[in-house]
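> Sequence first, then the predicted structure, then my questions.
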Amino acid sequence: MKTVLTTAEGPVIREVADPTRADHEALVAVRAFSLNRGELALLEARTQQWRPGQDVAGVVVEAAADGSGPAPGTRIAAQVDQAGWAELVPVPGDRLAVLPDEVTIEQGAALPLAGLTALRTLRLGGDLLGRRVLVTGASGGVGRYQTELAALAGARVTAVAARTHQDALLGLGAHVVVAAPADAADGQDLVTESVGGDSLAAALTKVTPGGTVVVLGSSSGTKTPIDIYDFVGHEGARLLSYLSYAHPAPPGPDLRLLVDLVATGRLHPTLGLVRDWTDLPDVLAALRERRVSGKAVLTIG
């Protein structure tokens, strides 16, 4: 089979042996996979024949030997640990969700890491009905899901993004779109912060006393000094971190929830770029240069 391997010159597509699998794993023919911004750093750090890729969608070609999981011919989306940018990948049953006819392969590939991050970070804010939620980095893959899921939960959402994304985010349920956290109204019950630096510092000034700030990224690459006196006027506010790899639950059940929301027209993956996987270098460059709004998806075959 063919797979993406990292080299000192960048990732390349090479022939390798077909994967072996455990009894509880189905063998999936990958039809599409999506890229996540965090993988850019991993590609630069792991340059010696590493096999990247977490978000995949495809068709089961061999069912799990222990009888668990879907039958051959079933379309699925899944989040794997690595090696997903390949023609074949083993997938445990608790890491996948069956795709109904209403959900395309490309949509399925765009869901796992970004969708799960959005869902799970919003849950850290508790019941969102009638609450105020501030989403930074709202034009990205995670931010768009956060905006729509929070609105679906009954929150009043303030999305932080450039003006060019205003109509799209309002269409996803945002009540207002602002250019920077400093422009948002005070008294936010939940802030999801993925930018860091000045964005995080400003977001801390917007949280209500007893509210929650979830830090899930640092796309600005800038450190944020925080002082206890930053919480004066925001007493009791919680500052929580979210690291996707540390989440204790397997992705399958939550991924099935997201798939159902897409199938019923309540969640809309934004496919910012869809290309063949042979165009991987160009797509990686587009991600690095922030020319992709939403998710970048590559198809195989």
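Noted; the coordinates are in hand. The structure presented is a predicted model; accordingly, all values stated were derived computationally and were not measured.
> counting contacts, what elements does the helix or strand hosting V60 pack onto?
Assessed by DSSP states H and E, V60 sits inside strand 55-62. Counting contacts by 3 or more CB pairs under 8 Å, 6 or more residues apart in numbering; DSSP states H and E, strand 55-62 packs against strand 25-35, strand 75-79, strand 88-92, helix 105-109, helix 112-123. Quick note: C-beta positions are derived from backbone N, CA and C, even for glycine.
> which residues are in contact with the second one?
Outside strand 75-79, the residues that touch it by CB atoms under 8 Å, 6 or more residues apart in numbering are 26, 28, 54-60, 70, 84, 89, 91, 95-99, 103, 105, 108-109, 111-113, 116, 251, 255, 259.
> Pull out the buried positions in the lowest-mean-pLDDT helix or strand in the chain.
Among the helical and strand segments of the chain, the one scoring lowest on mean pLDDT, DSSP states H and E is helix 37-45, with a mean of 87. Of the residues in helix 37-45, those buried by neighbour count under the rule 16 or more other CB atoms under 10 Å are R37, E39, L43.
> re earlier: using CSV, lay out the helices and strands packed on strand 55-62 together with distance to A155 and mean neighbour count.
As requested, these are arranged in CSV below (distance: least, CB to CB, whole Å; neighbours: other CB atoms under 10 Å):
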stretch, distance to A155, mean neighbour count
strand 25-35, 26, 26
strand 75-79, 25, 26
strand 88-92, 33, 22
helix 105-109, 24, 25
helix 112-123, 8, 24
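> avg pLDDT for the strand holding V60?
Taken as a whole, strand 55-62 has an average pLDDT of 98.
> angle of it against helix 37-45?
Going by axes from the mean of the first three to the mean of the last three CA atoms, to 10 degrees, strand 55-62 is angled at 80 degrees with respect to helix 37-45.
> And strand 55-62, what's buried?
D55, V56, A57, G58, V59, V60.
> Now do that strand against strand 25-35: the angle between them, please.
Using the same axes, to 10 degrees: strand 55-62 against strand 25-35 is 150 degrees.
> Strand 55-62 pairs with which strands?
Using DSSP bridges, strand 55-62 pairs in its sheet with strand 25-35 (antiparallel), strand 75-79 (antiparallel).
> As JSON lines, the ones you listed with mean pLDDT would be great.
Listed next are the strands paired with strand 55-62 as JSON lines, based on pLDDT from 0 to 100:
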{"stretch": "strand 25-35", "mean pLDDT": "98"}
{"stretch": "strand 75-79", "mean pLDDT": "98"}
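> Minimum distance to A203: which of those has it?
Closest to A203 of the strands paired with strand 55-62, according to CB to CB: strand 25-35, at 26.1 Å.
> what angle sits between that closest one and helix 112-123?
Interaxial angle, strand 25-35 versus helix 112-123 (the same axes, to 10 degrees): 80 degrees.
> For strand 25-35, output the C-alpha coordinates as CSV.
Extracted C-alpha coordinates of strand 25-35, given in CSV (Å, rounded to 0.1, in the frame of the first residue of the first chain):
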residue,chain,number,x,y,z
GLU,A,25,-9.4,-3.6,14.8
ALA,A,26,-11.1,-3.3,11.5
LEU,A,27,-9.1,-2.7,8.4
VAL,A,28,-10.2,0.4,6.6
ALA,A,29,-9.5,1.6,3.1
VAL,A,30,-9.0,5.4,3.6
ARG,A,31,-10.9,7.5,1.1
ALA,A,32,-10.2,10.9,2.7
PHE,A,33,-8.3,12.4,5.6
SER,A,34,-8.1,15.9,7.1
LEU,A,35,-5.2,17.9,8.4
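> tell me which element the closest residue to T264 other than its chain neighbours falls in.
Distances taken as CB to CB, 6 or more residues apart in numbering place E102 nearest to T264, at 7.7 Å, with adjacent residues excluded. Using DSSP H and E, E102 falls within no helix or strand.
> So which of the buried residues of helix 37-45 is the closest to G217?
Closest to G217 out of the buried residues of helix 37-45 is R37 (7.7 Å), distances taken as CB to CB.
> any idea how far V135 is from the closest one?
Separation of R37 from V135 (CB to CB, to the nearest Å): 16 Å.
> Equivalent analysis for R95, please.
Applying CB to CB to R95 and V135 gives a distance of 27 Å.
> before we move on, what about E102?
Counting by CB to CB, the gap from E102 to V135 is 26 Å.
> For the strand holding V60, list the C-alpha coordinates in PDB.
C-alpha atoms of strand 55-62 as PDB (Å, rounded to 0.1, in the frame of the first residue of the first chain):
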ATOM      1  CA  ASP A  55      -8.600  12.100  11.000                       C
ATOM      2  CA  VAL A  56      -9.700   9.500   8.500                       C
ATOM      3  CA  ALA A  57     -12.900   8.400   6.600                       C
ATOM      4  CA  GLY A  58     -13.200   5.400   4.400                       C
ATOM      5  CA  VAL A  59     -14.700   1.900   3.900                       C
ATOM      6  CA  VAL A  60     -14.200  -1.200   6.000                       C
ATOM      7  CA  VAL A  61     -12.600  -3.900   3.900                       C
ATOM      8  CA  GLU A  62     -12.000  -6.400   6.700                       C
END
